[in-house]
Structures are given as structure tokens and as C-alpha cells.
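1. A structural model of the following input is requested.
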Amino acid sequence: MGDRKSGEKVRILLVEDEEKLRGTILEYLQLNGYLMLEAGSGAEALRVFSGDESEWPDLVLLDLMMPVVSGFDVLGRIREKSDVPVIILTAKCSEEDQLRGFSLGADDYLVKPFLLSVLKAHIEALLRRTRGVNRKKTYGALSIDEKAHKIFLNGELLLLTPREFEVLRFFMDNEQIVLTRNRFLDEVWGIDYSGTDRSVDTIVKQIRLKLGKFGNYIDTIYGIGYRFEVKDDEDN
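-> Sure, this is the predicted structure:
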């Protein structure tokens, strides 16, 4: 999921197989300024996460008791690829079910029936806790999950050495800024490093190879160093 621009509506996916309840929640949250997506089954919900990552929701409201693909199954599959905040909405109120939900990665658990105003309060509280945290940032075809210490290329995990990861992350953190080799040595290798700046060139070459056609995100600034800049798709 890419970062939302300031002022953009929060996108919420509601996964609920009971049509009347789904419609009621959708209408209420739309009136309160949220951009709503809906899924009437677990399979529909998973299709949302199989599409373009930029279209993934900012938060998921997930029913557990659905036929074929249960909410537990959906949650487990979502957590394989995303740490999007998830609130479970369910009539299953046993301690065992709640513990299972949290163990699979749920962020909150709301038992039916509930007041819509209470649901709204839970959503707002969870967004306050999570939207200020850098969960995943996207740079063109690349995305970085700081929490998991992973970088993805078009959704596929890049196999990077620890040094390659640190260099590529440093590039991303300084997008469109010209970086000297000495700055890489000071801030990535450390000021006590006694090698030469050719080490930077070697790592950058390895990263470009792993990025394939997207290696052109890294420009060589002759006589100075490098600059990371996302290119348009037609440039790749």
C-alpha cells in the first residue's frame, strides 16, 4: 500500500456476507467521510489484495463467520502480504476465538451487535495508532516494509544482503538527492570504516543487477556519486 496524500479519504474494505448489515455499515461510514470498498465473501476480499497494491485498503473490517473462506482464513492470507490494520467484526465472542484472531494478526475485535458510533470510534482510534507509523512506503515499482526489514519489487521480495538493503533504503530515504560516496561510507558503513569508496560502487552495481530494468532508478552523477529517482513506466 502506498502512502496516501494529505487530504485523501481513508479507504476501508468491509468484508461481510450479511447483505443488509453490510449496506448499513457502508452507508454510515460513507456519510462519515470514508471511501468504502465491499466484499460479500472471503474470496472477494482476497481478490482485492491480489490486485494493484496502490488500490489496497488502509483498513479492513472483517467478519469471521463466512462460508467457504472464513474470516480467519482471510486474515491469515492478508498477513502474508500486508500489515494493513484489521478490525474483526463478529458474533463469535469466546475467548478462544478472540485469541485466535489476535494471534493471526488482528488489531482489534468488536463483538456483534454493536453501535455504529462505537465502530466509528474503534476505527478512528486504530487509525490514530497506525497512520503515523511508517508501515510500508512505495517508490514506483519498489516498496519497503520498515517493520519487516524487507524491500519488494513489483510485490516480489528482493533477496538482498544486509549491506544491499541498507544502501537501497538509504537511497529511498533520500529520493532525488545527490549522494556522495563518502556520505554512504559515513552513514551506512560507519565513520570507522577503513576501506575505499569503491565499496559503494560495488554494492550499487549489485543492487542495479537485482533491480533489472528498474536499475535505472539509480543515476550515476559523474565525479560526485549517485541519485535515486523513480522513473515513469515508459522510461523502463
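2. quick check: phi and psi on the residue lying closest to residue 75 once chain neighbours are set aside?
-> Closest residue to residue 75 apart from its sequence neighbours, by CB to CB, 6 or more residues apart in numbering: residue 104 at 4.7 Å. For every residue, glycine as well, the C-beta is placed using N, CA and C. Main-chain torsions, residue 104, degrees, to the nearest 10: phi -80, psi -10.
3. now do residue 153
-> With angles defined as degrees, to the nearest 10, residue 153 sits at phi -120, psi 110.
4. correct me, but it touches residue 211?
-> Yes. Using CB atoms under 8 Å, residue 153 makes contact with residue 211 at a distance of 6.5 Å.
5. between these two, what contacts are shared?
-> Common contact partners of residue 153 and residue 211 (CB atoms under 8 Å, 6 or more residues apart in numbering): residue 142.
6. looking at the two, which is more packed in?
-> Taking other CB atoms under 10 Å, residue 153 and residue 211 do not tie; residue 211 has more neighbours (19 against 15).
7. Provide the secondary structure category for that one.
-> helix (DSSP: H, G, I helix; E, B strand; the rest coil).
8. how near is it to residue 178?
-> Counting by CB to CB, to the nearest Å, the gap from residue 211 to residue 178 is 19 Å.
9. which of the residues in the lowest-mean-pLDDT helix or strand in the chain are buried?
-> Using mean pLDDT, DSSP states H and E, helix 95-103 stands out as the lowest-scoring helix or strand of the chain, at a mean of 81. Residues 97-98, 100-101 are the ones in helix 95-103 that count as buried (16 or more other CB atoms under 10 Å).
10. and the protein, split by domain according to the record?
-> Annotated domains of the chain cover 11-130, 137-235 [automatic domain parsing].
11. pick the most deeply packed of those domains.
-> Of these, the one with the most neighbours on average (mean count of other CB atoms under 10 Å) is domain 11-130, at a mean of 17.
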